[in-house]
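# sequence unavailable; structure follows:
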């Protein structure tokens, strides 16, 4: 673990080790599943079992998983969402003798990679028996495309400032679904991973806090997530996230105000910022119409934004030991991403909080991944898709896994190790960044034009019919 991010939880040599099972829901995930399993198998504290739920994949997902020696479960048909796939595995776990039940289950997205000490760190809050869920810090796994670089800045501000403030008041807004640990007893008592909304992580995080239990953000535990590589898949991801967020606001808002007021404060501040965001977007134009020069408006806008971003980005750069120049060069990409966020905030706010309660719309209930299943699409976008490989030597799970036999594909014999804290693929020269930003900006403008036309064709008719 990086010395820059000390753990707030002192080691307890008297505590019995927790039994932990990882659940990896996977649908057509052959592109990144090998990297995910490698990082899980290479943990300093090994998992007792790793379960991959092959949710009706049409590619080599199952064969790759079995090549790593993990348990593979496959439903009779595609279940249609991550929460349902996780519940399928949970039912298999709970059906075992009680002595074989784990203390924690850790759902892991099939494109997410853990730092080596992730499991060691994420277990520490569970010495408090009232902790129901704990989530770690998320960083972007790649930073090649304009969307990934925008998400890099978004994660640095979100996880390295706002999430820490929320946790200091014992009310984190969400424990991220790609890498959180759940106490099994509370999860089973709740009925499993919630399926009533399109985002189960927010639903469970809020539900447990409203019930009087604790959710904890563990800043020292770091996971690296793959982000959408183009606007098409970014739209799908944001559409799901925003619909799910407002679905949870609709479900939990009243009970949150009554039983978890600090969490309600963060949610209300978020809603307030969304409501006033059209004014924020229009403010530069208002200033221009009131006689201010373009230079003045630009300086005020840039200065205000940099003042807001300075502290969170500085904390992220120092704590994760990132190159400050490379992060600053990603800030313009953040503003492109911010405009896309603005559209989906507005659209989903209207649909889920205004139209759905009045019976004028049904909301979103169909789960769509925010990335392509096609290897060629990913390779074309980031120009780097690593082959699936198996490490020559990794710590074996503490409990030997038994699974049904199936012909497996022999993997290569070498592999890179799991990422260390502070590793980042942003080490480009200034010249390369200039060339790339120029070409990427041109391509992004063309892509934005195409996608905005598509958004208009998809969304405006829906809102028109609903009203």
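In hand now; what should we look at? These numbers were taken from a predicted model, which means no experiment stands behind them.

# any idea how far residue 317 lies from residue 325?
For residue 317, the distance to residue 325 equals 10 Å [CB to CB, to the nearest Å]. No exception for glycine: its C-beta is placed from N, CA and C like everyone else's.

# between these two, which one's more packed in?
Taking neighbours as other CB atoms under 10 Å, residue 317 and residue 325 compare with residue 317 leading, 18 against 11.

# centre of the chain to stretch 216-225, how far?
The chain centroid and the centroid of stretch 216-225 are separated by 11 Å under CA atoms, centre = their mean, to the nearest Å.

# before we move on, what about stretch 190-199?
Counting by CA atoms, centre = their mean, stretch 190-199 comes out at 17 Å from the chain centroid.

# what residues of it count as buried?
Within stretch 190-199, the residues scored as buried using 16 or more other CB atoms under 10 Å are 190, 192-195, 197-199.

# quick one: mean pLDDT for stretch 234-242?
The average pLDDT within stretch 234-242 is 94.

# mind listing what's buried along stretch 73-86?
Using 16+ other CB under 10 Å as the test for burial, stretch 73-86 gives 73-74, 79, 81-86.

# show me these that map onto strands.
Counting by DSSP state E, the buried residues of stretch 73-86 place residue 73 in strands.

# just give me the closest of the buried residues of stretch 73-86 to residue 305.
residue 82 (33.9 Å; CB to CB).

# pick out the most distant pair among the buried residues of stretch 73-86.
Among the buried residues of stretch 73-86, 74 and 83 lie farthest apart (CB to CB), at 17.4 Å.

# can you give me the strands in the stretch 51-200 of the chain?
Assigned strands in the stretch 51-200 of the chain, in chain order: 71-73, 104-107, 112-114, 131-140, 181-183 (criterion: DSSP state E, counting those that start in this stretch).

# show me what the last one is in contact with.
It stands for strand 181-183. Applying CB atoms under 8 Å, 6 or more residues apart in numbering, the external contacts of strand 181-183 come out as 20, 103-107, 122-123, 126, 131-135, 204.

# I figured residue 300 hits residue 283, correct?
No. Using CB atoms under 8 Å, residue 300 is not in contact with residue 283; the gap is 9.1 Å.

# quick one: low-confidence ranges for the stretch 251-400 of the chain?
Residues of the stretch 251-400 of the chain that meet the criterion pLDDT under 70 lie in 369-400.

# now the helices: where do they sit in it?
Per DSSP state H, counting those that start in this stretch, the stretch 251-400 of the chain carries helices over the ranges 261-289, 294-320, 324-328, 331-349, 375-382.

# could you tell me which strands sit next to the top strand by length along the chain in the sheet, and their orientation?
Assignment by DSSP E gives strand 214-225 as the longest strand of the chain. Strand 214-225 pairs in its sheet with strand 112-114 (antiparallel), strand 131-140 (parallel), by DSSP bridges.

# what's the closest of those strands to residue 94?
Of those, nearest to residue 94 by CB to CB is strand 131-140, at 16.7 Å.

# ok now the closest one, how far from the chain's centre?
Mean-position distance between strand 131-140 and its chain equals 9 Å (CA atoms, centre = their mean).

# angle of that strand against helix 294-320?
Here the directions of strand 131-140 and helix 294-320 differ by 120 degrees (axes from the mean of the first three to the mean of the last three CA atoms, to 10 degrees).

# output the below-cut-off pLDDT ranges for the stretch 1-150 of the chain.
1-15.

# what ranges does it have for its helices?
Using DSSP H, counting those that start in this stretch, the helices found in the stretch 1-150 of the chain span residues 33-41, 61-67, 82-94, 118-122, 146-157.

# how many residues are close by residue 277?
16.

# apologies, that question was intended for residue 67.
Residue 67, neighbours per other CB under 10 Å, totals 19.

# cool, residue 270 as well?
Other residues close to residue 270 by other CB under 10 Å number 15.

# now it, nearest residue through space, not along the chain?
Closest residue to residue 270 apart from its sequence neighbours, by CB to CB, 6 or more residues apart in numbering: residue 173 at 7.6 Å.

# closest one of the contacts of strand 181-183 to residue 329?
residue 135 (28.8 Å).

# quick one: the closest one and residue 219 touch, right?
No. Residue 135 is not in contact with residue 219 according to CB under 8 Å; the separation is 10.2 Å.

# which one of those two is surrounded by more residues?
Using other CB under 10 Å as the criterion, residue 135 and residue 219 rank with residue 135 on top: 27 against 18.

# mind listing what the more buried one touches?
Here residue 135 is in contact with 122, 172, 174-176, 179-181, 201, 205, 215-218 (CB under 8 Å, 6+ apart).

# grab the nearest non-local neighbour of it.
Take residue 135 and drop its neighbours on the chain: the residue closest to it by CB to CB, 6+ apart is residue 175, 2.9 Å away.

# so the one you found versus residue 136, what's the distance?
Taking CB to CB, one finds residue 175 at 8 Å from residue 136.

# and for those two, which residues touch both?
Joint contacts of residue 175 and residue 136 (CB under 8 Å, 6+ apart) are residue 217.

# give the contact list for residue 140.
148-149, 151-152, 155, 224-225, 227.
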